[in-house]
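Enquirer: Pasting the sequence and the predicted coordinates here, then a few questions.
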Amino acid sequence: MILKSKLKGNSKKAISNNVVLIAYCLLLITCFNFATCKYGFNDTGALPTEVKTFRVNFFENRAEYKNPQLSPALTERLKQKIIGTTRLKQTNDDDAHYDISGYVSQYYTSTTGISGNNTSLNRLTANFHLIFKNTLDEKKSFEADVTYSIDFDANLSLSQVEQSKGEEIARNLTDAIFNKIFSNW
């Protein structure tokens, strides 16, 4: 008899716990149904409709150490990225709405990791000075610097790193230049 009353008490507690659990679940479901999350970029927007053309001038290499492949790669990659991701038309005329020029200002290696008495990790850094002219709105013209660095094993030579990571360096610098121009970050 005592056992039956304990079981009845336990089943009442179990039912009570289940009701509370169901109430919490319903509350969470209700909250998530009405919750919204919006994600966006405030400083970016569509290209102004009056902007129709762009010109990318050849990017010079003014760095002390010159990677002869970097400047032409950056120039062509940026042209292709703009053509492929915007509605702008490329022109070589002086009256292009967006006139883009610049130069590789630095290209160097530095030590970033030491193990014992030996260098274990080096870093290759490429800096680019961007000159952007908006011929339709001079207030939006600017100059900025963009940088890309890549770490590599100190046992590799610079030419080995350039051969294996050259595409990555050019791609990431191009993306940084493109973002500076088109996203106002």
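Expert: Yes, it's here.
Enquirer: Tell me the buried residues in stretch 130-140?
Expert: For stretch 130-140, burial by neighbour count (16 or more other CB atoms under 10 Å) applies to L130, F132, K133, N134, T135. C-beta coordinates here come from the backbone N, C-alpha and C atoms, glycine included.
Enquirer: residues touching the second one, list them.
Expert: Applying CB atoms under 8 Å, 6 or more residues apart in numbering, we find F132 in contact with Y98, D99, I100, S141, F142, E143, A144, K180, I181.
Enquirer: Excluding chain neighbours, what is closest to the second one?
Expert: Okay, so that is D99. Once flanking residues are discounted, D99 sits nearest to K133: 4.1 Å by CB to CB, 6 or more residues apart in numbering.
Enquirer: roughly how far apart are the one you found and F54?
Expert: Distance, K133 to F54, using CB to CB, to the nearest Å: 10 Å.
Enquirer: between the two, what contacts are shared?
Expert: With CB under 8 Å, 6+ apart as the test, K133 and F54 both reach Y98, D99, I100.
Enquirer: May I ask which of those has the most neighbours?
Expert: Y98 (24 neighbours; other CB atoms under 10 Å).
Enquirer: what about the closest residue in space to that residue that isn't next to it in sequence, which SS state?
Expert: Using CB to CB, 6+ apart and skipping the chain neighbours, the partner closest in space to Y98 is F54 (4.1 Å). Per DSSP: H, G, I helix; E, B strand; the rest coil, the secondary structure class of F54 is strand.
Enquirer: With K66 instead?
Expert: coil.
Enquirer: All the helices of this structure, residue numbers only.
Expert: Applying DSSP state H to the chain gives helices spanning 2-34, 70-85, 158-182.
Enquirer: Select from those helices the stretch with the lowest mean pLDDT.
Expert: Lowest mean pLDDT within the helices of the chain: helix 2-34, a mean of 61.
Enquirer: Quick check: phi and psi on R87?
Expert: Main-chain torsions, R87, degrees, to the nearest 10: phi -90, psi 0.
Enquirer: Tally up the residues packed near the residue nearest to it when sequence neighbours are not counted, please.
Expert: Spatial nearest neighbour of R87, chain neighbours left out: L47 (7.0 Å); criterion: CB to CB, 6+ apart. Residues near L47, counting by other CB under 10 Å, number 14.
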